[in-house]
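Participant: Build the 3D model from these lines:
(2 chains)
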2 protein chains.
Amino acid sequence: MPMQKFSQILLAHGGGGQLTHQLIEQLFIPTFENTALSCRHDGAVLDVHHAQIAFTTDSYVVQPLCFPGGNIGTLAVNGTVNDVAMCGARPLYLSAGFILEEGFSMPLLQDIVDSMQQAAQTAKVQIVTGDTKVVDRGRGDGLFINTAGIGIIEHACKIAPQQIQVGDVVIINGDIGRHGIAIMAMREGLRFESAIESDCAALIDPVFALLDAEISVHCLRDLTRGGLASALIELSEGAAMQIQLDEAAIPIRDEVQGACEILGLDPLYVANEGRFVAFVAPQDAERAIALLEQHSPHNPRIVGHVIQSNSSAVILKNKLGVERMITRLSGEQLPRIC
Amino acid sequence: MPMQKFSQILLAHGGGGQLTHQLIEQLFIPTFENTALSCRHDGAVLDVHHAQIAFTTDSYVVQPLCFPGGNIGTLAVNGTVNDVAMCGARPLYLSAGFILEEGFSMPLLQDIVDSMQQAAQTAKVQIVTGDTKVVDRGRGDGLFINTAGIGIIEHACKIAPQQIQVGDVVIINGDIGRHGIAIMAMREGLRFESAIESDCAALIDPVFALLDAEISVHCLRDLTRGGLASALIELSEGAAMQIQLDEAAIPIRDEVQGACEILGLDPLYVANEGRFVAFVAPQDAERAIALLEQHSPHNPRIVGHVIQSNSSAVILKNKLGVERMITRLSGEQLPRIC
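Facilitator: Residues are numbered from 1 along each chain as shown, chains lettered A, B, ... in the order given. Okay, here's the model as predicted:
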């Protein structure tokens, strides 16, 4: 897609689609140029005094702050823990920066901070340093949280987009679209027969189930903003590989599928907060699925394969066997989902 | 001062005074309870795979975004670099999280990101990982930046509030109040004969000048929000020591002193972004001053002494020799200074 020039930031620059990609590729990466950034990984993998550590950050601006299955605090812990884990690192420590709007409810802040601590305990990480800023009324939106995370890489696997190989299978750890739909349903005031809850969760157990069993994991990526489609497009470009995605194999709950139809959303692009893809050597695929079934019991599946090198593309084979190339969203489907 | 209960966040909760202290002590530290946090240091000092690293974070919400001597980007790099350095660690890597408001100027973003990269190069750190979020118009304030930083501790000195000893001298690396006055003058439309520029700068050179020369440094603290007074009160409590501060010795430029009088501000509480105090063993004081004069040529001085243990207080001896205890500000003197 040709690059466009914008004089102003649009909402879509934060959506995880084409404009976010453009901002990163045209502004941030060329300016901050370094090898860690240019890996285009979920975090930086760094050598620090003979240790390999992963370092990552995300800011969270989700609205509403509380939603079925979580709140901005659980998201801020699990999201950053997961980015560390996607580097193949065991998350150890988090920082937490709070930007509060004047007038924000103190009891709600306490609830959110309590949720962060519970999520941190579940993920076995400590929140060891932090910061609080307050902005005047009307200059913020209640609460934004930034977390940064540090983890340690304890194994010899190299996990990065550049490690993806032709023949790798793409495994997903569960059904897609729940986080985005839970948020969207709340914003739109939609009610379903059974409530759709965010899948927000730490992914340490399923990731380390694979790594500890010495599954040949070549790359990991969690499926947040922009969903499965955007993550795979990003990885296919990072690896310079073509990925074939089998639509019939992608697990989607009926209520999520139904909500997507009502809301006019493509579930492939809807955000998740407890789902990831693993690129695994084909001989290990069956064992990987069995391990994921124990540690992430949400219907893990093989959803695709890496079919060709030297050019990047994600080809979706639909339920009728028809193939089409999928591309980044050019606009903003679901603003402020995380 | 007795603790008050608030049902809502006030601007003063972000001011670095009494209410910020209360929020940290009553909400964040008890909830996230761990040994790193309870050190009340500028960052967490952590053992990671036989290495000692420092990890710290700050969000930056300064208004206006650009000011004489810097902008939100230089502040975001230098502020976090300095917090790492205050742990006695050599800063290595930063993360950067951007929260942009829809409609923000793309050229201004590029300028600010360029300034960050220049500041990072000067401080010899790399910005290795990042994140961008966009909030809808009216729900942010142009640009907020969060940075987190990692550094490595390469020496055997223990640098922490708990290491402060009776007899230590308190050395400041230069004149105080310039950052706060530069911001405030701009907001109020004040003009001075000679423009007052922020002192925004990385403090790595002066800090490592002391450490590399094996000066007995017991504690370091940069003097940001809340200024010299708030930093010393914090440290006197962390150390359970009394500090005597000699007003006549504190370097303040005439134009800063004049502006403080016009604006009704006490320079002891005005923010700095390139100033720190070092608590140093008395026999090393003279050598420390000489080193600082080489590496931070802004009139470094001995401004106080640690005079007693077991109870915390900061006693200001004024120019007439009269002593009074100084306390945290209960309100907000200069909102959104950093």
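
Participant: Tell me who's in contact with residue A:93.
Facilitator: A:125, A:126, A:127, A:128, A:149, A:150, B:36, B:44, B:46, B:55 (C-beta atoms under 8 Å, 6 or more residues apart in numbering or on different chains). Heads up, the C-betas are built off the backbone N, CA and C, glycines and all.

Participant: what about residue A:85, how many neighbours?
Facilitator: By other C-beta atoms under 10 Å in any protein chain shown, 31 other residues sit near residue A:85.

Participant: Give me the pLDDT for it.
Facilitator: With respect to pLDDT, residue A:85 has a value of 97.

Participant: try residue A:194
Facilitator: You'll see residue A:194 listed with a pLDDT of 78.

Participant: which non-adjacent residue is nearest it?
Facilitator: Counting by C-beta to C-beta, 6 or more residues apart in numbering or on different chains, the nearest residue to residue A:194 once its immediate chain neighbours are dropped is residue A:255, at 6.0 Å.

Participant: Okay, and the one you found sits in which element?
Facilitator: Secondary structure assigned from DSSP states H and E places residue A:255 in helix A:254-263.

Participant: that older thread, residues touching the residue nearest to residue A:194, list them.
Facilitator: When contacts are counted by C-beta under 8 Å, 6+ apart, residue A:255 touches A:192, A:193, A:194, A:196.

Participant: Of those residues, which pair is most distant in space?
Facilitator: The largest separation in the contacts of residue A:255, counting by C-beta to C-beta, is between A:193 and A:196 at 10.1 Å.

Participant: between those two, who's got more neighbours?
Facilitator: Using other C-beta under 10 Å, the more surrounded residue of residue A:193 and residue A:196 is residue A:196, with 26 against 6.

Participant: Quick check: that one vs chain B, distance?
Facilitator: Here residue A:196 is placed at a distance of 24 Å from chain B (C-beta to the nearest C-beta, to the nearest Å).

Participant: pretty sure that residue contacts residue A:182?
Facilitator: Yes - between residue A:196 and residue A:182 there is a contact at 5.0 Å, judged by C-beta atoms under 8 Å.

Participant: Any figure for the gap between the closest residue to chain B within the stretch 151-300 of chain A and residue B:53?
Facilitator: Residue nearest to chain B within the stretch 151-300 of chain A: residue A:152 (5.7 Å; C-beta to the nearest C-beta). According to C-beta to C-beta, to the nearest Å, residue A:152 and residue B:53 sit 11 Å apart.

Participant: And residue A:193, by the same measure?
Facilitator: Taking C-beta to C-beta as the measure, residue A:193 falls 50 Å from residue B:53.

Participant: how about stretch A:41-48: buried residues?
Facilitator: Of the residues in stretch A:41-48, those buried by neighbour count under the rule 16 or more other C-beta atoms under 10 Å in any protein chain shown are A:41, A:42, A:43, A:44, A:45, A:46, A:48.

Participant: Keep only those residues that also lie close to chain B.
Facilitator: A:43, A:44, A:46, A:48 (C-beta under 8 Å from any C-beta of the partner chain).

Participant: just checking, which of those residues belong to strands?
Facilitator: Among these, the residues falling in strands (DSSP state E) are A:44, A:46, A:48.

Participant: Tell me how far the last one lies from residue A:162.
Facilitator: This points to residue A:48. Taking C-beta to C-beta, one finds residue A:48 at 21 Å from residue A:162.

Participant: Over to residue A:122?
Facilitator: 32 Å.

Participant: repeat for residue A:10
Facilitator: Applying C-beta to C-beta, the value for residue A:10 to residue A:162 is 31 Å.

Participant: Name the residue in the two with the higher neighbour count.
Facilitator: More neighbours surround residue A:10 than the other of residue A:10 and residue A:162, with 18 against 15 (other C-beta under 10 Å).

Participant: does that one really touch residue A:19, like I thought?
Facilitator: Yes - with contact defined as C-beta under 8 Å, residue A:10 and residue A:19 form a contacting pair (6.3 Å).

Participant: so what's the residue of the stretch 151-300 of chain A closest to chain B bridging to?
Facilitator: Beta-bridge pairing of residue A:152 under DSSP bridges involves residue A:53, residue A:90.

Participant: Please verify my assumption that it contacts residue A:52.
Facilitator: Yes - the criterion here is C-beta under 8 Å, and residue A:152 meets it with residue A:52 at 7.2 Å.

Participant: what do the two both touch?
Facilitator: Residues touching both residue A:152 and residue A:52 (C-beta under 8 Å, 6+ apart) are residue A:89.

Participant: Of all residues in the stretch 101-250 of chain A, which one is closest to chain B?
Facilitator: residue A:134 (3.0 Å).

Participant: can I assume that residue sits in a strand?
Facilitator: Yes - Residue A:134 forms part of a strand when assessed by DSSP: H, G, I helix; E, B strand; the rest coil.

Participant: Touching, it and residue B:16? I think so.
Facilitator: No - at 10.6 Å, residue A:134 does not count as touching residue B:16 under the criterion of C-beta under 8 Å.

Participant: sorry, back to before: what's the farthest-apart pair in the ones next to chain B among the buried residues of stretch A:41-48?
Facilitator: Applying C-beta to C-beta across these, the maximum distance is between A:43 and A:48, 13.5 Å.

Participant: in the helix holding residue A:255, what counts as buried?
Facilitator: Using 16+ other C-beta under 10 Å as the burial criterion, the residues of helix A:254-263 that qualify are A:255, A:256, A:259, A:260, A:263.

Participant: Residue numbers of the stretch 101-250 of chain A in contact with chain B?
Facilitator: A:101-107, A:109-110, A:113-114, A:116-117, A:120, A:126-136, A:138-141, A:144, A:146, A:148, A:150, A:152.

Participant: let's see it at 6 Å
Facilitator: For the stretch 101-250 of chain A, the residues in contact with chain B (C-beta under 6 Å from any C-beta of the partner chain) are A:102-104, A:106, A:113, A:117, A:126-131, A:133-135, A:139, A:141, A:144, A:146, A:148, A:152.

Participant: Please report how far the residue nearest the centre of chain A lies from residue A:76.
Facilitator: Taking C-alpha atoms, centre = their mean, the centroid of chain A lies closest to residue A:224, which sits 3.0 Å from it. Taking C-beta to C-beta as the criterion, residue A:224 is separated from residue A:76 by 12 Å.

Participant: Least confident secondary structure element in chain A?
Facilitator: Least confident helix or strand of chain A, by mean pLDDT, DSSP states H and E, is helix A:35-38 with a mean of 88.

Participant: List of residues touching that helix?
Facilitator: Residues outside helix A:35-38 that contact it (C-beta atoms under 6 Å, 6 or more residues apart in numbering or on different chains): A:29, A:44, B:128.

Participant: how about 8 Å then?
Facilitator: A:28, A:29, A:44, A:45, A:46, B:93, B:126, B:127, B:128, B:129, B:130.

Participant: got the contact list for the closest residue to residue A:159 other than its chain neighbours?
Facilitator: Residue nearest to residue A:159 in three dimensions, not counting chain neighbours: residue A:88, with 3.7 Å by C-beta to C-beta, 6+ apart. Counting by C-beta under 8 Å, 6+ apart, residue A:88 makes contact with A:54, A:153, A:155, A:157, A:159, A:207, A:211, A:217, A:220.
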